[in-house]
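Engineer: Quick one, what's the 3D model for this:
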Amino acid sequence: MNAVLDAIMSRRSVRAYRSDMVPKDVIDQIVQAGTYAASAMGHQSSIIVAVTDRGLRDRLAELNRTVGGWSAPSDPFYGAPVVLVVLAEKDWKNRVYDGSLVMGNLMLAAHALGVGNCWIHRVKEVFDSPEGRDLLKAWGIEGEYEGIGHCVLGYPDGPLPTAAPRKENFVYFAG
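Structural biologist: Residues are numbered from 1 along each chain as shown. As a prediction, the model looks like this:
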């Protein structure tokens, strides 16, 4: 089977990670794949923030946990050591679509390189908060951005989940 199709069909969300850090050169390849995602009219409204510092990663996890309403010590990032934050220009009408394509590229590239991954929601709420806006400012990110997704990365702590059977009537052919 074609390698791209195989990656698409075999990638699964990982919800348990070992603490081993993903090497920087591997993160760089994953991030680069994200920058090549399709975008409406070639606008490239999305940006990616690669978080590898454990303290900052834990701070993001705590913000996400609070937004989600879970009790401590719950970790919404499942122990993953790396978080790729995808944001897009708030005033761009296709921001969610463009950012979603970035997320898809990140997840497929990670899987192709043997790195577990999962899309974690609540990034919009995290970066709409005063603390989230302060983080963007501290990172030197200017302008108005909306959070699209957290793509957590790490090495799976256990086997990859198997794919659920595809539902009936998923595809219709017309014409």
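Engineer: in the lowest-mean-pLDDT helix or strand in the chain, what counts as buried?
Structural biologist: Across the helices and strands of the chain, mean confidence by mean pLDDT, DSSP states H and E is lowest for helix 3-10: a mean of 94. Residues Ala7 are the ones in helix 3-10 that count as buried (16 or more other C-beta atoms under 10 Å). Glycine gets a C-beta too; all of them are placed from N, C-alpha and C.
Engineer: Check which helices and strands it sits against.
Structural biologist: Counting contacts by 3 or more C-beta pairs under 8 Å, 6 or more residues apart in numbering; DSSP states H and E, helix 3-10 is packed against helix 95-112.
Engineer: for the residue nearest the centre of the chain, what are its contacts?
Structural biologist: Nearest residue to the geometric centre of the chain (C-alpha atoms, centre = their mean): Cys151, 1.8 Å. Residues near Cys151 by C-beta atoms under 8 Å, 6 or more residues apart in numbering: Val83, Leu84, Val86, Met103, Leu106, Met107, Ala110, Asn117, Cys118, Trp119, Ile120.
Engineer: Tyr155 too?
Structural biologist: Tyr17, Arg18, Asp20, Val22, Gly114, Val115, Gly116.
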